[in-house]
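Trainee: Take this sequence and fold it.
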Amino acid sequence: MVRFSDLPSGVSIATDVTCREIIHNPTAALFFRLKDWEDYPYTSLYSTLVKIFHQDKLLSPQEIPIYRSAVQGDRIIGVELKFVWQDGISKTAIWSSSPLRDETGVIIGAIATFEEVTGLVIKTQELDAHQALLQKMVDERTMKLRQEFEKRQSIEREIARLEKLNVIGQLAAGLAHEVRNPMTTIRGFLQLFQSKNDLHSYNSYFSLMIEELDRANSIIHEFLTLSKNKTNVFKLLSLNKLITGIFPLIQADALSQGKKSVFEAGNITDLEIDSNEIIQLILNLARNGLEAMPKEGCLTIKTYMDEEYVVLGVKDEGTGIKPEHVLKLGTPFFTTKETGTGLGIPICYDIAERHNAVIDVETGQGGTVFKVKFSRPKVSVDNSVNKGAATL
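Mentor: Purely as a prediction, here's the structure:
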């Protein structure tokens with residue numbers, strides 16, 4: 001017959017239903033860290049030296065399997081319990097318990113058996129931690145590859161754009177003078193013909209031809225603007241004052257089309273900008289916005305601070321830009337207008353790039369907002385900053 005003390009598994013026996021004295025075999029005594037097992041082979045369920053947890057929940061004495069078996073007659077099988085001592089030592093075991101009855105069937109105590117799985121739990125935790133680390137490394141690498149892929153796509157798009165601009169610049173530089181000289185001559189003769197009384201009946205035709213020559217000259221000027229060989233003159237200037245100076249032109253343009261325009265100047269810092277280029281950028285965005293709106297529409301120009309940016313916003317009340325067209329903004333020659341050259345917005349993007357600024361576009365059925373975000377100058381200026389950023 002196998003003796004109680006020879007059982008390889010941990011065995012604990014409650015000698016009565018109170019569970020105030022639970023005796024242990026050597027395996028259980030070792031588990032419970034009993035130094036004087038032979039003299040004191042027991043513990044109490046109500047000991048404060050150890051806390052017992054199940055699924056991270058601290059169990060009361062009445063919830064422990066051996067007590068439930070002794071008091072309620074429950075038969076518990078395969079419950080994982082974690083024991084934590086006051087000095088921080090913790091052990092985990094799989095427990096089962098059953099009630100002990102006398103010959104009449106009355107419960108007189110309970111017996112619990114267990115197998116320690118502390119090492120297995122630690123290994124599992126280590127494997128879980130290692131798996132989590134590997135997953136984190138995979139996620140980080142995946143994210144890095146995705147960022148590198150997106151960066152590469154962005155670079156490829158930028159290279160393609162610059163190649164187009166380079167071709168345009170070379171074309172503009174090579175043909176501008178050759179084309180403008182004869183156009184100037186033709187325009188001069190047309191103006192001369194307009195002054196002749198005997199050709200007065202042809203004045204409307206002369207005016208139309210002069211307008212077309214001026215339009216062609218304007219297209220050539222836009223070609224030249226896209227040339228890469230451009231020298232900028234940056235000065236610390238007030239964007240608000242710059243807009244105020246040209247706003248009457250925008251108002252006149254709006255009124256001639258039966259539309260309105262407003263300028264809302266925010267409390268912003270001065271910027272290192274090329275005034276001529278920024279004026280061109282503002283006029284291009286404003287005219288684009290006016291052309292996108294029906295009569296009675298209102299164009300809003302606004303400046304404000306947004307975190308580390310000084311923002312120039314131009315908002316129209318048109319019908320918005322189609323999603324497939326938004327991706328093509330900034331591409332030379334792309335236009336949805338019947339008479340457009342497709343160079344106005346690319347010029348704006350080119351100017352923004354030379355100013356280390358970015359252009360964000362928000363569009364919908366209620367209209368479109370072009371936001372030109374300039375980085376704040378590193379040298380602080382006297383202008384106070386409005387921390388509560390406005391929005392368009």
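Trainee: Can you pull the phi/psi pair for D306?
Mentor: phi -140, psi 100 (degrees, to the nearest 10).
Trainee: wait, it sits on F374?
Mentor: No: counting by C-beta atoms under 8 Å, D306 stays clear of F374, with 10.3 Å between them. The way it works is simple: take the backbone N, C-alpha and C, and place the C-beta from them, glycine included.
Trainee: Between these two, tell me which one has more neighbours.
Mentor: Legend: neighbour count by other C-beta atoms under 10 Å for D306 and F374, higher for F374 (23 against 16).
Trainee: for that one, which residues make a bridge with it?
Mentor: Note on F374: beta-bridge partners by DSSP bridges are V310.
Trainee: show me the contacts for it.
Mentor: L239, L271, I273, Y309, V310, V311, L312, H355, N356, A357 (C-beta atoms under 8 Å, 6 or more residues apart in numbering).
Trainee: 10 Å - rerun?
Mentor: Counting by C-beta atoms under 10 Å, 6 or more residues apart in numbering, F374 touches 239, 268-269, 271-273, 278, 303, 308-312, 352, 355-358.
Trainee: picking up where we left off before, list the residues that contact both of D306 and F374?
Mentor: The overlap between the contact sets of D306 and F374 (C-beta under 10 Å, 6+ apart) consists of I268.
Trainee: Sort out for me which of the contacts of F374 are in strands.
Mentor: Mapping the contacts of F374 onto strands (DSSP state E) picks out L271, E272, I273, T303, Y309, V310, V311, L312, V358.
Trainee: Verify the stated contact: the fourth one with G313.
Mentor: To tie it back to what came earlier, the one meant is T303. Yes: in this structure, T303 is within contact of G313 by C-beta atoms under 10 Å, at 7.4 Å.
Trainee: Helices along the stretch 101-250 of the chain, start to end?
Mentor: According to DSSP state H, counting those that start in this stretch, the stretch 101-250 of the chain carries its helices in the segments 118-194, 203-225, 239-256.
Trainee: who wins for proximity to G297 among these?
Mentor: Smallest distance to G297 across the helices of the stretch 101-250 of the chain (C-beta to C-beta): 8.8 Å, for helix 239-256.
Trainee: Any buried residues in the closest one, and which?
Mentor: For helix 239-256, burial by neighbour count (16 or more other C-beta atoms under 10 Å) applies to L239, N240, L242, I243, I246, F247, I250, Q251, D253, A254.
Trainee: I'd like the residues you listed as a markdown table, with pLDDT and distance to I107 appended.
Mentor: Putting the buried residues of helix 239-256 into a markdown table (pLDDT from 0 to 100; distance: C-beta to C-beta, whole Å) gives the following:
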| residue | pLDDT | distance to I107 |
| --- | --- | --- |
| L239 | 94 | 88 |
| N240 | 95 | 89 |
| L242 | 92 | 93 |
| I243 | 93 | 91 |
| I246 | 86 | 97 |
| F247 | 91 | 95 |
| I250 | 90 | 95 |
| Q251 | 90 | 97 |
| D253 | 87 | 98 |
| A254 | 90 | 95 |
